[in-house]
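Predicted coordinates and the sequence they were generated for:
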Amino acid sequence: MEMGVKMQLTNKSKQVDRKPMTFLESLYLWNIAKGMMITLKHFFRKKPTIQYPEQERPFSKVFRGLHILNRDEEGRERCTACGLCAVACPAEAITMEAAERENGEEHLYREEKYAAKYEINMLRCIFCGYCEEACPKDAIYLSQTFAPANYGRTGFIYKKGDLLIPNPVEDPEGYKKALGDKATK
Amino acid sequence: MSVTQILFWFLSILALFGAIMVVVSRNPVHSVLWLIMTFFAISGHYIVLNAQFLAVVNIIVYAGAIMVLFLFVIMLMNLNKTAAPKRNRWLKLAGGIAGGCLMLVLVAALRDSELKGQFAQVNTGDIGLIKSLGKELFTTYVIPFELSSILFLSAMVGAVVLGKKD
Amino acid sequence: MYLLAIDWFFIIEKLLLIVCIVTLSMVVAMYSTYGERKVAGFFQDRLGPNRAGPFGLLQPLADAGKLFFKEEIIPLASSKFLFILGPALAMITALLTSAVIPWSTPLQIGDRVVPLQIADINVGILFVFAAVSVGVYGIMIGGWASNNKFSLLAGIRGASQMVSYELPMGLALLGVLLFVGDLRMSSIVQSQIDNGWHVFYQPIGFIVFFVCALAECNRTPFDLPEAESELNFGYHQEYSSMKLGFYLFAEYINMFISCVVMTCLFFGGYDIPFVNEAEWGLHPNLLALIGFAVIMGKSLFFVFVFMWIRWTVPRFRFDQLMNLGWKKLIPLALVNMVISAALILWLKK
C-alpha cells in the first residue's frame, strides 16, 4: 500500500456533497417526484405476505420443533427414563421420574423401566435437538410444529400426555400424521 | 314577523349576549371564544344585509386570524387566579363612570343623527357584494385605499425590522 | 306550499341535498381510512387490512365500532365544556366546506331544476377559506382544554401552521380568480368548461395550492401537529373513544373536501376533458350522474396522491415548514399573481 492512500474496505464510499442547494433544489420538487416514483414501483410489486392461517410457510427438512415421545409398532412407549436426554439438555428443560413396570403392563411399556413423569418446559427449551441425539432408544424426536401460544407459563410445561405420539394400534392415522417425515427414516 | 326579522332578533341577541359574556367571564380563554361567537353573529348580520363579502372577510380576518393570535397569547401566558390583578373599588367606580359617559355620548349622538329616518337595505342592494365593492374601492376611494395599503406595508416592514433586531 | 313566505319545497330540497352530501363525505372519509391503510400497505410491500369482510372492506365499520366502545375519558384537570367542544368544532368546520361545492350539473325532477350545490353564494371560494380558517379552533381548543403541555404545543403548532399556509393558498388562487373574474364556485367551473382547465394556465398556482392543501389538512410532510416523536400524539393525545374518532374523521373529511375543492378550482370540476358532453343529447339527470362520477373520480385520485405523498415523503422540521411557507411559497405565489395579472391585462386588450 502506498503512503497517503487511505485503507478502504470497499470502493463504494461516496463523499457527501455539501454544496449549498440551488433555488430549484431547495424547492425539493424534483427529488420528491423521484421518491414518489420509487414508492409507486413498490405499489405494483408482488407482495411477499404469507396469509398465515390459510397459508403456511413450508418448514425445512431439518426443522426442529415440538418434541414427541415415540412408541413402537405395537403402541408401547419406548422411553426407559434413562435420563440421558435430561443430561444432554443444555437448557435443563427436561425433568422425569422413573418407575418400574408392573405385571400386566407389558402392552404399555416396552422395557422394564419407564418414565412415570416426563416434562419439558418449552419456555426453557432451545430446540437444539440434543435430546434426540442422546436418546439410545429412539424414544424422543423433534417434530415439524412449534409450540402454540398460551395464556400462562404453566401451559408451556408439556406433560407426558402432551408429548406422547398417538397409539399406532388405536389411532394409526394420527400416528402417521405425528410421525411426519420421520417415518421414512 | 318575517324570517329576516326573526333572524335579526336572534343574531342581535346572540351578539349582545356574546359581547356581555366577553366582559363577564372569568377565564380569558372563554372571553376570547365568546368574542369569536360575537364576530359570527355580526357576520350573520352582514349576510342579512346582503353583504356577503364583508361577512366572509369578517370571519376570515377577525375570527380566523386575529382571534387565533389572541388565543395564542392568552394560552401561552397561563393566566390563572393568582395572576389576576386585585380589583380596587375606586378602579371599579372610575370604570363605571367612564363607561357611563361613553354610553351617554353614544346615545346623544345617535339621537341627533340623520340615521333615524333611514332603514337598512335588507336582503337587497349589492353594495356589499364583491364586484361593486371592488369597483368602489378602486374608483371613488382609490386614494384612501392605497394609503391604507401603504400603512399596512410599513407595519409589515416594521414587524420584520423588529424581528430581525437580535 | 308557502308558509312564512318561505318556499318549503326549496327548504326540503336543500335539506335532502345537505343530508346526501354529509353522508357522502362521511362515507368517503370512512373509506379513506381503509384506503389509507391499504395504500400504505401496498407502498410498503404489504397487503394492508384484509380480514374484516371481503378484501377487508368492513374494516372501517370495525374501527368505528371499536372507537364507540372504548372508555370515554375526560381528564380531571381539563375544562370539560371546551374539551368536548374541540372535536365537535373540528367536525363541523370540516363538513361546512362542502356547502359551496358544485357537485354536478343540475338534476331535473318533474319541471323543477335542482342544482347539485347547496349554496351558490357570491363569495363561494372565500367561504371555503372562512371555513378552513375557523377549523383552527377545533385543534387549538382541543389542545388547550386537555391541560397537557404536549397537546398545547401541538395545538399551537397546528394553528400557526394553518394560519401561515392560508396566505400562500389564497395568493395562489388569485391567478385563477383574475382569470375567471368571479368568486362563485359554479362560474369557476363553468369558465373551465368553456376555456379549458385552469391547471394549464396556472401550473405554479396549482403547485402552491396543492402544497398548502397538504399543510392545511395536517398531512405528511406537514403533519407537525401530530409529530409522534416530539409530541407523543399531538393535540388529540388526551382524547379517547369517539371524540378521538371525530378528530381523526374530521381530518379525513378535510382531505376529501380539499381534494374536491382542488378539482373544482384547477381540474374542471365535473367537466369531462376533450368532449362536449352537452352535445350528446342525453337526459339531464343522466348527464348529472356522469358529471358526479367524473368529479368523484378526479377527487379520489387526488386523495390517492395525498396518501402517496404521505407514504413517501418524511416529515419537515418546524423551521423548515415555516421557511417553506413564508419565504418560498408566498413569494412564488405573489410572482405568479403579478405575472398572470399582467398577462390577463395584456391579452384582454
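Yep, that arrived. Numbering: from 1, shown residues only, chains lettered A, B, ... in the order given.

Please report phi then psi for the most centrally placed residue in chain B.
Centroid check for chain B by CA atoms, centre = their mean gives B:Phe39 as the closest residue, at 6.3 Å. The phi and psi values for B:Phe39, taken as degrees, to the nearest 10, are phi -60, psi -40.

Contact partners for the closest residue to it other than its chain neighbours?
Closest residue to B:Phe39 apart from its sequence neighbours, by CB to CB, 6 or more residues apart in numbering or on different chains: B:Ala63 at 4.5 Å. Just so you know, the C-beta spots here come from the backbone N, C-alpha and C atoms, and that holds for glycine as well. By CB atoms under 8 Å, 6 or more residues apart in numbering or on different chains, the contact set of B:Ala63 is B:Ile36, B:Phe39, B:Phe40, B:Ser43, C:Ala130, C:Ser133, C:Val134.

Equivalent analysis for C:Val260, please.
C:Ser98, C:Ile101, C:Ile295, C:Ser299.

before we move on, what about C:Met169?
So, once contact is read as CB under 8 Å, 6+ apart, C:Met169 ends up touching C:Phe129, C:Val208, C:Phe209, C:Cys212, C:Ala213, C:Glu216.

Could you do C:Ala172 as well?
Applying CB under 8 Å, 6+ apart, the residues near C:Ala172 are C:Gln202, C:Ile204, C:Gly205, C:Phe206, C:Val208, C:Phe209, C:Cys212, C:Leu329, C:Ala333, C:Asn336, C:Met337.

where do the helices sit along chain B?
With helices called from DSSP state H, chain B shows them at B:3-24, B:28-48, B:52-57, B:67-77, B:89-112, B:130-138, B:142-164.

Let me have the ones you listed in JSON lines, adding distance to A:Leu66 as columns.
What follows is the helices of chain B, written out as JSON lines (distance: least, CB to CB, whole Å):
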{"stretch": "helix B:3-24", "distance to A:Leu66": "71"}
{"stretch": "helix B:28-48", "distance to A:Leu66": "63"}
{"stretch": "helix B:52-57", "distance to A:Leu66": "71"}
{"stretch": "helix B:67-77", "distance to A:Leu66": "60"}
{"stretch": "helix B:89-112", "distance to A:Leu66": "84"}
{"stretch": "helix B:130-138", "distance to A:Leu66": "78"}
{"stretch": "helix B:142-164", "distance to A:Leu66": "70"}
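
Please identify the most buried of the ones you listed.
Comparing the helices of chain B by mean neighbour count (mean count of other CB atoms under 10 Å in any protein chain shown), helix B:52-57 ranks first with a mean of 22.

list the helices and strands that helix packs on?
Secondary-structure packing of helix B:52-57 (3 or more CB pairs under 8 Å, 6 or more residues apart in numbering or on different chains; DSSP states H and E): helix B:28-48, helix B:130-138, helix C:124-145.

Average pLDDT for stretch C:70-79, rounded please.
For stretch C:70-79, mean pLDDT is 82.

cool, stretch C:326-337 as well?
Rounded mean pLDDT across stretch C:326-337 is 88.

residues contacting the residue of chain C found nearest chain B?
Nearest to chain B in chain C, going by CB to the nearest CB, is C:Ser133, at a distance of 2.7 Å. Counting by CB under 8 Å, 6+ apart, C:Ser133 makes contact with B:Ile59, B:Ile60, B:Ala63, B:Gly64, B:Ala65, B:Val68, C:Met162, C:Val163, C:Glu166.

Alright, I will stop here.
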